[in-house]
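Peer 1: With the input below, show me the fold.
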Amino acid sequence: MRLSDFDYPLPEHLVAQEPVEPRDASRLLVVPKGGGPFRHLRFSDLPDLLAQGDLVVLNDTRVIPARLLGRKESGGRCEILLLEPVGGPGSARWRAMGQSSKPLRPGSRLAFGGLSAAVEEAEGEGFFAVRFDRAGEELAKALEREGRVPLPPYIRREPTAADRDRYQTVVAREPGSAAAPTAGLHFTDRLLGRIAERGVSRATVTLHVGPGTFLPVRTEDVERHRMHAERYRVPEEAAAAFAACRTRGGRVVAVGTTSVRTLESAFAGPGLRPGWGRTDLFIRPGHSFRAVDALISNFHLPRSTLLMLVCAFGGRERILDAYREAVAQGYRFFSYGDAMMVI
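Peer 2: Numbers count the residues shown, from 1 in each chain. Down below sits the predicted model:
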């Protein structure tokens, strides 16, 4: 497979810069099973596409204020994006991506308002290990004060106070992500209630979104791309809900590519292996799906691993046809954009 096999033209004005309100007013393009015609609905119509006995699985990760803007001791500007704590939650040492007016080197001291850190290790390719001057709850409070919402670079504006709420899903519980699991942004509490009324079960898993999800593919030969590992967790309750769904013959509906990667990584036939893990699973065409029957997803960047995952699930030509249809119909793309459901 070539990277160019996963390209498509996208007019810039279709890249969503703001979310719609309410959340479930976004559009939903349905890719039905068996090659039937695409359907154009609203996300609030989702309950009509689900059946009693189905299981909807969402990612409950919570985005942290992971973007820090500051200065080095020399006075030069610097910026880092926090990825994950090294040594577990509450650690003062974090893995991060960074850039500055001059290269960041081990020993560099960084100041972000009232929060400071030192670069301890340079891993290469823009990755660093940094140690903050505090840990645990004190660090979390400092990040809330000094950090910014890590909106992706194609949203060409600075984050606002509203983004602190809107760039979180309504099920966000577990802090740790450097980006939102965007398919979940369309759900409201009311919509989840309507889904439950149809006899559809719900479960949450956790995958803390990091570079494995959002870094670009830099090689034309797709097979040479290596995913960065990300932390995930499958609660005992989610594993039990998955087993019950399989027993009753319902469909497992994964909300977002991160939920898909979690379910496929944790699958140990015939069920899910509960607990914490790390996954560098790269899902592309040829992957045999074992845990997922339907996928709800946003529209993804050309040439991205996320688009490759959706193409693996729905078929490359079929999905690229759906993307061309979405462009022609003026759908809004990427994090704050519209959604599709692939059955």
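Peer 1: So what does Arg226 look like in phi/psi?
Peer 2: Main-chain dihedrals, Arg226, degrees, to the nearest 10: phi -120, psi 130.
Peer 1: same question, Leu3
Peer 2: Dihedral angles (degrees, to the nearest 10) for Leu3: phi -60, psi -40.
Peer 1: Correct me if wrong: it contacts Val217.
Peer 2: Yes - Leu3 is within contact range of Val217, at 5.6 Å (criterion: C-beta atoms under 8 Å). For the C-beta atoms, the positions are set from N, CA and C on the backbone; glycine is no exception.
Peer 1: any shared contact partners between these two?
Peer 2: Arg303 (C-beta atoms under 8 Å, 6 or more residues apart in numbering).
Peer 1: How about the most centrally placed residue in the chain: what's its closest non-neighbour residue?
Peer 2: Nearest to the geometric centre of the chain sits Pro181, at 3.2 Å (C-alpha atoms, centre = their mean). With C-beta to C-beta, 6 or more residues apart in numbering as the criterion, Pro181 has its nearest non-adjacent residue at 4.0 Å, and that residue is Asn59.
Peer 1: And that neighbour, how far from Gly35?
Peer 2: Distance, Asn59 to Gly35, using C-beta to C-beta, to the nearest Å: 29 Å.
Peer 1: can you tell me which residues contact the residue nearest to Pro181?
Peer 2: Counting by C-beta under 8 Å, 6+ apart, Asn59 makes contact with 169, 171, 181, 184, 204-207, 255-256, 258-259, 262.
Peer 1: So which of those belong to helices?
Peer 2: With helices taken from DSSP state H, the overlap with these comprises Thr258, Ser259, Thr262.
Peer 1: Please indicate which of the residues you listed are buried?
Peer 2: Buried members of these, counted by 16 or more other C-beta atoms under 10 Å: Thr258, Ser259, Thr262.
Peer 1: Would you mind giving the domain segments of the protein?
Peer 2: Segmentation of the chain into domains, based on automatic domain parsing, reads 3-63+164-342, 67-148.
Peer 1: Worst mean pLDDT among those domains?
Peer 2: Lowest mean pLDDT within the domains of the chain: domain 67-148, a mean of 93.
Peer 1: got the residue ranges for the helices in the stretch 51-200 of the chain?
Peer 2: Along the stretch 51-200 of the chain, the segments classed as helices by DSSP state H, counting those that start in this stretch run 136-146, 163-166, 189-197.
Peer 1: I'd like those helices written out as TSV, with distance to Cys311 and mean neighbour count added.
Peer 2: Below are those laid out as TSV (distance: least, C-beta to C-beta, whole Å; neighbours: other C-beta atoms under 10 Å):
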stretch	distance to Cys311	mean neighbour count
helix 136-146	36	15
helix 163-166	29	16
helix 189-197	27	14
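Peer 1: now the ones you listed as TSV including distance to Val292?
Peer 2: Formatted as TSV, these follow (distance: least, C-beta to C-beta, whole Å):
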stretch	distance to Val292
helix 136-146	33
helix 163-166	27
helix 189-197	17
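Peer 1: separation between the closest residue to Tyr331 other than its chain neighbours and Asn59?
Peer 2: Spatially, and ignoring its direct neighbours in sequence, Tyr331 is nearest to Asp338 (4.6 Å; C-beta to C-beta, 6+ apart). Remark: distance between Asp338 and Asn59 (C-beta to C-beta) = 19 Å.
Peer 1: Fine by me, thanks again.
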